[in-house]
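A predicted structure for the sequence below; I have some questions about it.
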Amino acid sequence: MLGLSLKCEQPEVHIIAMEVIDGIDNIKRSFRNPVITIGNFDGVHIGHLSLFQRVKEVAAALEGESIVITFNPHPTKVLYPSNGPPLITPHEQKVLLIEDAGIDVFIVIQFTHEFAQLTASEFVRKIIYQQIGTRAVVVGPDYRFGYKREGDIPALTRMGEELNFEVHVVTDLTSNGREVSSSSIREFVLAGDLESARKMLGRDYQVAGKVIRGRDRGGRLLGFPTANLQLVDELTPNPGVYATEVIIDDQLYDGATNIGYSPTFQNGAFSVETHIIHFNQDIYGKVIQVRFIERLRDEKTFSGPEELSDQIRKDVEKAREVLAEYRKEARAQQADGS
């Protein structure tokens, strides 16, 4: 039986060791042979991790510091505020994931319309060369930079030769024959294809949210109390029911999560509600994380509360089975070293 006994299975607690510099004007020291990579890194997927690994390798060879440079807000939020795609990872989660990759320094450039006017040459000379003193730059094969993305790798290489920094190009990764990219991951998550998203992310997709008061139907009417989330994240899987893992105060629990519009009650409001299995504590106001493991079914309309309650009971049992098998497979892979 999965339930409170799983409280002993604790997620790793992050202690930020990476130096975080918020704003290019807040650089107050010289870096030691800095090796950098630059990008949005939405999702911090396995392709990004490959870049970071190369940054660390080049930095080690130069006895330097590994540096990741990103932008906040995401450029699409400034340039296309009404048309930008939902972000895979909020900025705060991005910081944790990049720190977990073993990077020494994380620099956040405040992206504004004024910054977007910098030409490719100005960006390299003012930021990469003068303010950071870069010794090497690591990028992917499609890297573009500067005003209207005018700069490319040949231009970067020419400026590197002039300003005495190396340029290293890392080949894109593929998964099932498809290039690993933030846009592909976004597509998979929106479709509820968690397995494909997991392969590209290198981890389970998760959201975070503050537990707020809902309509009190879960426990009172249906017999299955739920945590109603006010999401931090912009991206959620396709409406439906999912087997999930729930992290509360660094403790791991089993969950069954419904995303959608509660069609049985015809209220039309979008919600993310998680039933935390064998859990009975007051967590209103807490921020919790929900990891999506497997899609169980589509959201559907039932004849009434009794039929819905019967289905939720089946969903919870199925979620427990899925999570038990998922952890069994994870332990087997860990034992095999794969």
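Ah, there it is. Numbers count the residues shown, from 1 in each chain.

roughly how far apart are the nearest residue to H113 once chain neighbours are set aside and D25?
Spatially, and ignoring its direct neighbours in sequence, H113 is nearest to V78 (6.4 Å; CB to CB, 6 or more residues apart in numbering). From N, CA and C alone the C-beta is placed, and that goes for glycine too. Separation of V78 from D25 (CB to CB, to the nearest Å) stands at 18 Å.

more crowded one of the two?
V78 (16 against 10; other CB atoms under 10 Å).

Work out for me the element that one sits within.
helix 75-79 (DSSP states H and E).

Which elements pack onto the following helix or strand past that helix?
Using DSSP H and E, the helix or strand that follows helix 75-79 in sequence is helix 91-100. Identification of packing neighbours for helix 91-100 by 3 or more CB pairs under 8 Å, 6 or more residues apart in numbering; DSSP states H and E yields strand 66-72, strand 105-110.

So, low pLDDT: which residues of the chain?
1-16, 215-223, 266, 337-338 (pLDDT under 70).

Is Y143 in contact with D152, as I believe?
Yes: assessed by CB atoms under 8 Å, Y143 is found in contact with D152 at 7.4 Å.

The two: which is more packed in?
The residue with more neighbours, out of Y143 and D152, is Y143; 20 against 15, by other CB under 10 Å.

how close does that one get to A330?
34 Å.

and what of Q117?
Distance, Q117 to A330, by CB to CB: 48 Å.

How about P141?
33 Å.

now swap in A269 and tell me
35 Å.

what do you get for D249?
22 Å.

need the strands for the protein, in chain order.
19-22, 35-38, 66-72, 105-110, 136-139, 166-169, 174-175, 178-179, 206-212, 227-231, 240-248, 251-260, 271-276, 287-297 (DSSP state E).

who does the last one pair up with?
Partner strands and pairing direction for strand 287-297 (DSSP bridges) are strand 206-212 (antiparallel), strand 240-248 (antiparallel).

From the rest of the structure, what touches it?
With contacts defined as CB atoms under 8 Å, 6 or more residues apart in numbering, strand 287-297 is touched by 192-195, 204-211, 227, 229, 232, 237-238, 240-248, 255-257, 272, 274, 315, 318-319, 322-323, 326.

what is the orientation angle of it with strand 227-231?
110 degrees (axes from the mean of the first three to the mean of the last three CA atoms, to 10 degrees).

How many neighbouring residues does P86 have?
P86 - counted by other CB under 10 Å - has 12 other residues nearby.

so what's it closest to, chain neighbours aside?
Per CB to CB, 6+ apart, closest to P86 is E234, 3.7 Å.

Could you report the distance from that neighbour to E92?
E234 is 13 Å from E92, by CB to CB.

So for these two, which residue has more residues nearby?
Neighbours per residue (other CB under 10 Å) separate E234 from E92, with E234 holding more: 16 against 9.

Quick check: the gap between that one and I67.
Applying CB to CB to E234 and I67 gives a distance of 27 Å.

again with H113
Taking CB to CB, one finds H113 at 25 Å from I67.

The two: who's more crowded?
Higher neighbour count among H113 and I67: I67, with 25 against 8, using other CB under 10 Å.

For V105, list each beta-bridge partner.
E19, I67.

For burial, what's the neighbour tally of it?
19.

do P263 as well
Residues near P263, counting by other CB under 10 Å: 14.

Likewise for the one 5 residues further on?
Neighbour count of G268, defined by other CB under 10 Å: 8.

Report the contact partners of it.
G268 sits in contact with Y261, where contact means CB under 8 Å, 6+ apart.

same thing with P263?
299-301.

Output those residues as CSV; include the columns distance to M159.
Below are the contacts of P263 laid out as CSV (distance: CB to CB, whole Å):
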residue, distance to M159
E299, 53
K300, 57
T301, 60
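
Dig out what the residue nearest to E299 when sequence neighbours are not counted forms beta bridges with.
Among residues not flanking E299 along the chain, G260 sits closest, at 4.0 Å (CB to CB, 6+ apart). Beta bridges link G260 to S271 when assigned by DSSP bridges.

what about G260, neighbour count?
18.

Go ahead and confirm it touches F270.
Yes: with contact defined as CB under 8 Å, G260 and F270 form a contacting pair (7.0 Å).

burial measure for G146, as a count.
G146: 19 neighbours (other CB under 10 Å).

separation between it and L173?
For G146, the distance to L173 - CB to CB - is 25 Å.

and what of F224?
Counting by CB to CB - F224 and L173 are separated by 41 Å.
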